[in-house]
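**Q** generate a structure from the sequence data that follows.
(one chain, ligands or ions: 1)
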Amino acid sequence: MAGDERQEDKAKDQQADAEGRTQPPREPTDSMTPFEAATYFFHNSAERLRLEDHWREVLASSYRELGVQVPLRMDDGSMTVCRGYRVQHNGARGPYKGGIRYHPSADLDEVRALAALMTWKNALIDVPFGGAKGGVQCDPRRLSKTELERLTRRFTAMISYVIGVNRDIPAPDMGTNAQTMAWMMDAYGQKHGYTPGIVTGKPVELGGSPGREEATGRGVIMCTQEIAKKLDIPFEGASVVIQGFGNVGYWAAALAAEAGAKVCAVSDVVGGIYNANGLDVDAVFKHSQSEGGVQSYPEGDAVSNEDLLGIECDILIPAAIQGVIHTGNAGDVKTRLLVEAANGPTTPAADEILCERGVPVVPDILANAGGVTVSYFEWVQNTQRFSWDVAQVNDELAKKMTAATEQVFERSRRDDTMLRDAAFDIAVERVAHAAELRGYV
Ligand code: NAD
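**A** Here you go, the predicted structure:
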């Protein structure tokens, strides 16, 4: 290739990067950014579906990206300036929907990736939402409650131009919780009047849905049980290893144990605890609340997060952050079933290794869709000014999770593809079809 052409290609790449587009798939690597990794799976699906170029162009990039400066007055009077983002990826199937993450790594690329995954997840689980995500680059563990409240109110005011009950509805994600949503709802309501449907994942006392807090973990276990049944892995007595012991990880552990599985290891950001005979999940939870972590729990052996992923088990559930299973450790994973409770825990390159090794992977867009499903129920209850009881919420959640899991499994069998490919194909087809019906291009 001549030097001029190379320069031209490089310029095109830079222009595409600046606009949040990715190039068609290159060889998968661990060094792909979160957005490159998320869109790698999309491009592969577009290839299988023979999607026309104009649809690929529309669906590979975000519709709208808002970046804001969030000045934060600290309790000691000093000032910190954080970056905040709200990215709306695609709204063909309904209002944008997706969580707000408070984490040091929540930059534009990461938020873009998560927004795109929300588009595919919402389509796959079949709720009438498009995909969005928000983030503020900060370390919430270093902020006091009053600092978090000021940050949340300021960020909400700044993104208030692009959110709305029928436009874009935030929810909690890593580093945020029901309290954060209560502040967001209040901040938005000060300008627009009482608007409970502006966020989901609120406290039940403020119009939140019963069952929302545990919904993601519950959905993870519902989906795991369905797939395990199909793969002839008895769930009762199955050894389960979970990375992350926050909202999703804790509930997945508690509900797996309740359903008769043996939760052998759990971890948080500091490290994990392992007991081959099974852990008492509630006791570990109480210990982590009082001691600030799980690793010092006395009835087990301390294990690092890296070693935890290599523990031999029936079911491995990464429920913390992205990119933890990579080419350096995918060969060491010793599980019969890997269930992605976190968003993007497996790099595309590691995914290929697991595929070659015959390890079934339940993709994030299916496994962790329970949270947004109950968020949808919460939004429905808010707009109808009517509340459901927890049994109804869990029944409706089970219907959605079972139907989507069944569809993904059948599609993967029909097309002889991995579960992730089947999930993306169903989702991309639905979004492209809705976009076409609406006349997007
Ligand atoms: P959380 O903040 O409640 O918990 C995160 C957990 O991961 C904590 O135990 C934390 O200590 C641990 N952790 C953080 N960094 C880690 C690291 N480097 N190594 C190991 N552990 C680490 O967050 P959450 O709401 O439970 O979300 C977890 C994952 O699930 C995220 O990927 C999130 O995007 C995804 N998710 C969450 C929801 C939801 O409803 N909360 C819905 C869908 C997907």
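
**Q** do you know the pLDDT at the closest residue to the ligand within the stretch 151-300 of the chain?
**A** Going by Cβ to the nearest ligand atom, the ligand is nearest to residue 246 of the stretch 151-300 of the chain, at 1.7 Å. In this view, the C-beta of every residue, glycine as well, is placed from N, C-alpha and C. Reading off the confidence values, residue 246 has pLDDT 94.

**Q** wait, it sits on residue 319?
**A** Yes. With contact defined as Cβ atoms under 8 Å, residue 246 reaches residue 319; the gap is 7.5 Å.

**Q** which one's more surrounded, those two?
**A** Neighbour count, other Cβ atoms under 10 Å: between residue 246 and residue 319, residue 319 has more, with 28 against 16.

**Q** I figured the more buried one hits residue 242, correct?
**A** Yes. Residue 319 lies in contact with residue 242 (Cβ under 8 Å); the separation is 5.6 Å.

**Q** who touches whichever strand or helix holds residue 288?
**A** Taking DSSP states H and E as the criterion, residue 288 maps to helix 281-291. Residues from elsewhere that reach helix 281-291 (Cβ atoms under 8 Å, 6 or more residues apart in numbering): 245, 250, 253-254, 257, 263, 266, 268, 273, 294, 296-297, 299.

**Q** starting at the chain centroid, how far to that helix?
**A** In terms of Cα atoms, centre = their mean, to the nearest Å, the gap separating the centre of helix 281-291 from the centre of its chain is 25 Å.

**Q** before we move on, what about stretch 291-310?
**A** 24 Å.

**Q** that stretch near the ligand at all?
**A** Yes. Counting by Cβ under 6 Å from any ligand atom, contacts between stretch 291-310 and the ligand involve residue 305.

**Q** so which bits of that stretch are buried?
**A** Judged by neighbour count using 16 or more other Cβ atoms under 10 Å, the buried positions of stretch 291-310 are 293-295, 297, 300, 303, 305, 307-310.

**Q** in helices only, show me those residues.
**A** Counting by DSSP state H, the buried residues of stretch 291-310 place 305, 307-308 in helices.

**Q** next, the nearest residue to residue 387 once chain neighbours are set aside: secondary structure please.
**A** Using Cβ to Cβ, 6 or more residues apart in numbering and skipping residues adjacent in sequence, the residue nearest residue 387 is residue 381, 5.2 Å away. Under DSSP: H, G, I helix; E, B strand; the rest coil, residue 381 falls in the helix class.

**Q** residue contacts, residue 381?
**A** By Cβ under 8 Å, 6+ apart, residue 381 lies in contact with 207, 209, 387-388.

**Q** can you redo those residues as JSON lines with neighbour count and distance to the ligand?
**A** Putting those into JSON lines (neighbours: other Cβ atoms under 10 Å; distance: Cβ to the nearest ligand atom, whole Å) gives the following:
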{"residue": "207", "neighbour count": "21", "distance to the ligand": "17"}
{"residue": "209", "neighbour count": "25", "distance to the ligand": "12"}
{"residue": "387", "neighbour count": "16", "distance to the ligand": "20"}
{"residue": "388", "neighbour count": "18", "distance to the ligand": "18"}
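
**Q** so which of those residues comes closest to residue 228?
**A** For the contacts of residue 381, the closest approach to residue 228 (Cβ to Cβ) belongs to residue 209, at 27.3 Å.

**Q** low-confidence regions, the protein specifically.
**A** Across the chain, the ranges flagged by pLDDT under 70 are 1-26.

**Q** try 90
**A** Within the chain, the ranges that satisfy pLDDT under 90 run 1-27, 31, 440-441.

**Q** what does it have sitting close to the ligand?
**A** Residues of the chain lying near the ligand (Cβ under 6 Å from any ligand atom): 172-175, 216, 243-249, 267-269, 305, 319-321, 341-343, 368, 371.

**Q** filter these down to the buried ones, PyMOL style.
**A** Buried members of the residues of the chain next to the ligand, defined by 16+ other Cβ under 10 Å, are picked up in PyMOL with:
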select buried, resi 172+173+174+175+216+243+244+245+246+247+248+249+267+268+305+319+320+321+341+342+343+368+371
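
**Q** just the residues of the chain next to the ligand: which are in helices?
**A** Going by DSSP H, the helices hold 216, 247-249, 305, 371 from the residues of the chain next to the ligand.

**Q** mind putting those residues in a markdown table, distance to residue 79 included?
**A** Output for those, formatted as a markdown table (distance: Cβ to Cβ, whole Å):
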| residue | distance to residue 79 |
| --- | --- |
| 216 | 35 |
| 247 | 31 |
| 248 | 34 |
| 249 | 35 |
| 305 | 34 |
| 371 | 34 |
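
**Q** which pair of those residues spans the longest distance?
**A** The two members of these with the most space between them (Cβ to Cβ) are 305 and 371, at 22.7 Å.

**Q** who does the residue lying closest to residue 174 once chain neighbours are set aside bridge with?
**A** The shortest distance from residue 174 to any non-neighbouring residue, by Cβ to Cβ, 6+ apart, is to residue 101 (4.9 Å). Applying DSSP bridges to residue 101 gives these bridge partners: residue 135.

**Q** just checking, residue 101 touches residue 171?
**A** No. With contacts counted by Cβ under 8 Å, residue 101 stays clear of residue 171, the gap being 10.5 Å.

**Q** of these two, who's got more company?
**A** residue 171 (27 against 23).

**Q** hang on, residue 316 in a helix?
**A** No. Judged by three-state DSSP, residue 316 forms no part of a helix; its state is strand.

**Q** understood, closing this out.
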